[in-house]
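Asks: Sequence unavailable; structure follows:
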């Protein structure tokens, strides 16, 4: 399968700060690729390099088959960008914004008119298409940004925190549209803080920390690699001291979470056997017992904050 | 070549957008309309000089102030509202955006500077060559528009007022050294040398020749000097904006 985005040894310094440190990865055509990382990890800098806004100091970046440093116009001709901060022209209407971007992307007039009308209807902006964007809510502006990114039918769509701060309905609409766009065979590069969103949408995710790639894999594989983060959550009819179960073989840590005891382990079945014995011995009753898999958030915290952070 | 034409077409799209957004902005109206109007009134009223004598300075001043009123504010404004980032995500070169900004400044200057010219013709004062005067007006407006975009390049601020203020610091001294108030031939030698570094000097001198048939430089030199200044301003403006772009986006 060909690559939609290919990055090798990409490095960017801001004066004495290294924002991106020799990162390499590949996004396959037709993939939704998540790019996760804490604030200041280098996500936005990477997206800005890939979308031709800034130049890297070292390394190579190819987008849609074009080198973004050598052929930025050709690369930008094939991408759509939804930035972190809304940047539609507030003095212009939604239709004027779409027309402007379409014309700057060289979309022929008839196709532009059809695309703009179709997108405005799909994103429920058609009724207000002639009103200045100044009067739009945050959700409407974000939907407009996605319309603007899609107006030229891009091969690769870059999204930087697209659902951040959005109401539930707008966020869901955006996610549905991103999924639909991907089903049409297009590639999506999604930077997000929302782990559930990444888990739901992305085929693969990269976790970046301090400018370096900490891990790249499918959400399932990343969770599987962190099985030490799975836990057994048990509620007894009395509150017990978690220390009493933490000394059991295979228990990484046991903590109280309300009236529940959360026992982190790589071997849940041994822990459950121990808990049954413990209950009989101490004349207790189990009210509830659940085995929980590590979430992508747990994996993220483990990789970005060190091993202990996820189970703090 | 086709990609050059394509990029130039996109400059026209950017210019159209600028016209829609920036022509009605307060600072543009103040610096581009109100200010030159009052300066022109102060220049004309109470001076016992024939209209023909007043015209070169009047047209020079009006053209200069109007054509330089839009350019300095666009890039800072777009930096602040993050729309510059939006433009740069599109398949356009930095020069495409700057040419678009220059064109919108040029059109504003041309529209306003035609007014005193029409008034003059209405009053029966005719130039030696109308075609030469109109061509001169076009290249002078282009030259001042390029200067205005250059004035927005440094410092890479996102505050339009800062850019407007700094551009005024350059524009006002230029008016005083450019033969607007005193013709270059009446200046001392050091004054004439200083005047020669201002593009406005050549435009005022050109208008003087076309209305009064007297000037300091040959007419062809006036035209060539303005064209050379236009090229130099546009080139430096694009290069400087390219250089300061990363700082604007950070």
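Replies: Looks like it arrived, so ask away. If you're wondering where the values come from, they're calculated on a predicted model, not measured in any experiment.

Asks: What residues does residue 185 make contact with?
Replies: Answering for chain A, as no chain was given. Contacts for residue A:185 (Cβ atoms under 8 Å, 6 or more residues apart in numbering or on different chains) come out as A:29, A:30. Backbone N, C-alpha and C define where each C-beta goes, glycine included.

Asks: actually chain B
Replies: B:192, B:214, B:215, B:216.

Asks: My guess is residue A:233 contacts residue A:290. True?
Replies: Yes: Residue A:233 lies in contact with residue A:290 (Cβ atoms under 8 Å); the separation is 4.7 Å.

Asks: and residue 153, helix, strand or coil?
Replies: No chain was given, so I picked chain A. For residue A:153, the assignment made with DSSP: H, G, I helix; E, B strand; the rest coil gives coil.

Asks: Actually, chain B is the one I wanted.
Replies: Following three-state DSSP, the label given to residue B:153 is coil.

Asks: What distance do you get for it to residue B:22?
Replies: 17 Å (Cβ to Cβ, to the nearest Å).

Asks: Repeat that for residue B:80.
Replies: Applying Cβ to Cβ to residue B:80 and residue B:22 gives a distance of 13 Å.

Asks: So which of those two has more stuff around it?
Replies: It is residue B:22, of residue B:80 and residue B:22, that has more neighbours when counted by other Cβ atoms under 10 Å in any protein chain shown, with 24 against 14.

Asks: wouldn't the more buried one be in contact with residue B:104 here?
Replies: Yes: counting by Cβ under 8 Å, residue B:104 is a contact partner of residue B:22 at 6.8 Å.

Asks: So among the contacts of residue B:185, which ones count as buried?
Replies: B:192, B:215, B:216 (16 or more other Cβ atoms under 10 Å in any protein chain shown).

Asks: now, which of the residues you listed lie within helices?
Replies: Using DSSP state H, the subset of the buried ones among the contacts of residue B:185 located in helices is residue B:192.

Asks: Nearest to residue B:17 among the buried ones among the contacts of residue B:185?
Replies: residue B:215 (39.2 Å; Cβ to Cβ).

Asks: what sits against the closest one?
Replies: Counted by Cβ under 8 Å, 6+ apart, residue B:215 has contacts B:185, B:205, B:206, B:208, B:209, B:222.

Asks: so what's it closest to, chain neighbours aside?
Replies: residue B:209 (3.8 Å; Cβ to Cβ, 6 or more residues apart in numbering or on different chains).

Asks: can you pull the pLDDT of the one you found?
Replies: We have a pLDDT of 93 for residue B:209.

Asks: Residue B:214 now?
Replies: Looking at residue B:214, the pLDDT reads 87.

Asks: Next one: the residue nearest to residue A:31 when sequence neighbours are not counted from residue A:63, what distance?
Replies: Spatial nearest neighbour of residue A:31, excluding adjacent residues (Cβ to Cβ, 6+ apart): residue A:203 at 4.9 Å. Plainly put, residue A:203 is 18 Å away from residue A:63 if you go by Cβ to Cβ.

Asks: ok, and the closest non-adjacent residue to the residue nearest the centre of chain B?
Replies: For chain B, the residue nearest the mean C-alpha position is residue B:144 (2.2 Å; Cα atoms, centre = their mean). Leaving aside its chain neighbours, residue B:144 sits nearest to residue B:67 (3.6 Å; criterion: Cβ to Cβ, 6+ apart).

Asks: interface residues of chain A facing chain B?
Replies: By the rule Cβ under 8 Å from any Cβ of the partner chain, the part of chain A lying against chain B is A:14, A:48, A:51-55, A:73-74, A:76-77, A:79, A:81, A:83, A:85-92, A:96, A:100-101, A:103-106, A:148.

Asks: Show me which of residue A:203 and residue A:63 is the more surrounded one.
Replies: Shown here are residue A:203 and residue A:63; by other Cβ under 10 Å, residue A:63 has more neighbours (29 against 15).

Asks: Tell me the secondary structure of the closest residue in space to that one that isn't next to it in sequence, please.
Replies: With sequence-adjacent residues excluded and distances taken as Cβ to Cβ, 6+ apart, residue A:63 is closest to residue A:75, at 4.5 Å. Under three-state DSSP, the three-state class of residue A:75 is helix.

Asks: Residue A:238 too?
Replies: Here residue A:238 is coil, with the state taken from three-state DSSP.

Asks: The residue nearest to residue A:63: what's it in contact with?
Replies: Residue A:75 neighbours (Cβ under 8 Å, 6+ apart): A:52, A:62, A:63, A:64, A:66, A:67, A:68.

Asks: Please report the distance of the residue nearest to residue B:215 from chain A.
Replies: 42 Å (Cβ to the nearest Cβ, to the nearest Å).

Asks: Number of residues surrounding residue B:93?
Replies: 19.

Asks: Nearest residue to residue 143 in space, ignoring adjacent ones along the chain?
Replies: Reading this off chain A. residue A:123 (4.2 Å).

Asks: um, chain B though
Replies: residue B:230 (4.1 Å).

Asks: quick check, that neighbour in a helix?
Replies: Yes: using three-state DSSP, the secondary structure at residue B:230 is a helix.

Asks: For it, give me its contacts.
Replies: B:139, B:142, B:143, B:146, B:199.

Asks: how does it look with 6 Å?
Replies: Shown in contact with residue B:230 (Cβ atoms under 6 Å, 6 or more residues apart in numbering or on different chains): B:142, B:143, B:146.

Asks: Over to residue A:241. Which of the three states is it?
Replies: Residue A:241 ends up coil, using three-state DSSP.

Asks: ends of stretch A:80-97, how far apart?
Replies: 14 Å (Cα to Cα, to the nearest Å).

Asks: centre of the chain versus it, how much separation?
Replies: Chain-centre distance of stretch A:80-97: 22 Å, with Cα atoms, centre = their mean, to the nearest Å.
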